[in-house]
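Colleague: Let's see this in three dimensions:
(one chain, ligands or ions: 1)
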Amino acid sequence: MKEARHVLITGGAGYIGSALCSELLRQGYQVTVIDELLYGGESLLGYLLHPNLHFAKANILEPRAVKDNLRRDWPKPSVVVHLAALAGFPACQAVGRQVAWRYNVEATQRVYEQAEELSVERFIYASTYSNYGLSPDGKPVTEESPLNPQSLYAETKIASERFLLNSKGNCAVLILRLATLYGLSPRMRFDLIVNQFVLEAYTKRELLIYQRGYSRSFVHIKDAICGILLGIESPLELVRGEIYNLGSDRGNYTKDQVVALILKRLPETRVSYKDMTFGGDMRDLSVSFEKIQRQLGFQAQYTLDDGVREVLQALQIGIFHNPLDSRYRNAQFIVQ
Ligand SMILES: NC(=O)c1ccc[n+]([C@@H]2O[C@H](COP(=O)([O-])OP(=O)(O)OC[C@H]3O[C@@H](n4cnc5c(N)ncnc54)[C@H](O)[C@@H]3O)[C@@H](O)[C@H]2O)c1
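Modeller: Numbers count the residues shown, from 1 in each chain. You can find the predicted model right below:
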């Protein structure tokens, strides 16, 4: 029997949440998902009838959204994995500062406060390496490096982190700063850079790359799920109040290197480059993942090449009837 039997996932119908939900059910957990279904809920169709899944459609901005949507006949959740957010710079930019702040900061506060009242043991927050923005000295950034947000999205994620780290409640906070994900999920996102590049190279046979030399950090969705599971299962006193970058040193790539991997499989792609800034998310950094490896024993299993292969295969098979449909992205305009 697992110690943490019942996990509550906010945003559990999303790209990460639906994959996490499936893995937790597979491992025998009871799972409650609360999601407003901003992008639909087909991602959960395969699990809706599972006896260990309880799904509630609700907006976590409602003051009692968590408390009112738990099953009375289940034990209280011992872990909350808080994923619900307007994820990514374009989605935040599209709704503006006020709404982005409500969804990404106020919602975190409300969920955490209810977790406290429910005596939840641990609260895992999905943050982002975007918070670092730029590497001050060109070296890989660590959890200690200064935060230098380059976007409204990163500002909201930092504000949530600060609230949680200052909250000093009984419910232990664990912050995971995830690299940019890639790979297939029941709720597919084609606005994540690797997935997006594969889609464009496959459907349009061309790629336009901004800031080709800029470095980014990537992690496969399955590895990210393993990292979150470590967060759920590691001893509470080890992870209480800790921040971990979640990814692997092998996942640091320049955009040019990502393009090279795509060209290996789609050599007919025409690539053009532009070096212009567009007032957006100008991240350029590589990240150190030494802490999560050393303290929690995290090891990534997948490479970026695996991700390119699997996304391309899914497109070639025709899994997505219309992969360019807006439901596969969180906002209409895309930033690399
Ligand atoms: N995908 C990545 O590369 C990545 C990287 C770093 C951090 N993150 C973080 O991980 C989390 C999940 O990301 P994702 O890629 O799965 O995003 P996603 O957009 O696919 O999923 C977010 C889910 O949250 C739900 N949601 C949003 N606001 C809600 C609200 N107020 N009430 C109820 N449900 C709400 C949406 O309906 C959606 O199903 C986000 O917090 C994101 O910032 C993601």
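Colleague: what are the phi and psi values for residue 79?
Modeller: With angles defined as degrees, to the nearest 10, residue 79 sits at phi -130, psi 140.
Colleague: Contacts only, for it.
Modeller: 4, 6-8, 120-124, 232 (Cβ atoms under 8 Å, 6 or more residues apart in numbering). No exception for glycine: its C-beta is placed from N, CA and C like everyone else's.
Colleague: which one of those sits closest to residue 98?
Modeller: Nearest to residue 98 among the contacts of residue 79, counting by Cβ to Cβ, is residue 123 at 25.0 Å.
Colleague: Wait, the closest one touches residue 77, no?
Modeller: No: counting by Cβ atoms under 8 Å, residue 123 stays clear of residue 77, with 10.3 Å between them.
Colleague: Rebuild the contacts of residue 79 as a markdown table, extending it with distance to residue 131, secondary structure and pLDDT.
Modeller: Output for the contacts of residue 79, formatted as a markdown table (distance: Cβ to Cβ, whole Å; DSSP: H, G, I helix; E, B strand; the rest coil; pLDDT from 0 to 100):
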| residue | distance to residue 131 | secondary structure | pLDDT |
| --- | --- | --- | --- |
| 4 | 27 | coil | 51 |
| 6 | 30 | strand | 98 |
| 7 | 25 | strand | 98 |
| 8 | 24 | strand | 98 |
| 120 | 24 | coil | 98 |
| 121 | 25 | coil | 97 |
| 122 | 21 | strand | 98 |
| 123 | 18 | strand | 98 |
| 124 | 16 | strand | 98 |
| 232 | 22 | helix | 97 |
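Colleague: Output the residues you listed in TSV; the columns should cover neighbour count and distance to the ligand.
Modeller: Output for these, formatted as TSV (neighbours: other Cβ atoms under 10 Å; distance: Cβ to the nearest ligand atom, whole Å):
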residue	neighbour count	distance to the ligand
4	17	20
6	21	19
7	28	15
8	28	12
120	24	17
121	17	21
122	22	17
123	23	13
124	22	11
232	21	15
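Colleague: quick one: low-confidence parts of the stretch 151-300 of the chain?
Modeller: 276-282 (pLDDT under 70).
Colleague: ok, now with 90
Modeller: 168, 210-215, 274-285 (pLDDT under 90).
Colleague: how about the helices of it, start to end?
Modeller: 152-166, 193-204, 221-233, 236-239, 255-265, 290-296 (DSSP state H, counting those that start in this stretch).
Colleague: packing partners for the second one?
Modeller: Read that as helix 193-204. Contact partners of helix 193-204 among helices and strands, from 3 or more Cβ pairs under 8 Å, 6 or more residues apart in numbering; DSSP states H and E: strand 180-182, strand 206-210, strand 215-220, helix 255-265, helix 304-317.
Colleague: tally of neighbours for residue 235?
Modeller: 9 (other Cβ atoms under 10 Å).
Colleague: Revised request: answer the last question for residue 314.
Modeller: So residue 314, with other Cβ under 10 Å, has 17 neighbours.
Colleague: Quick one: closest of the helices of the stretch 151-300 of the chain to residue 27.
Modeller: helix 221-233 (7.8 Å).
Colleague: in that closest one, what counts as buried?
Modeller: Across helix 221-233, burial judged by 16 or more other Cβ atoms under 10 Å covers 221-232.
Colleague: which residues are in contact with that helix?
Modeller: Residues contacting helix 221-233 (Cβ under 8 Å, 6+ apart): 2-4, 7, 15-16, 19-20, 23-24, 27, 79, 81, 122, 124, 126, 174, 176, 178-179, 181-185, 219, 239, 244, 246-248, 292, 296-298, 300-302.
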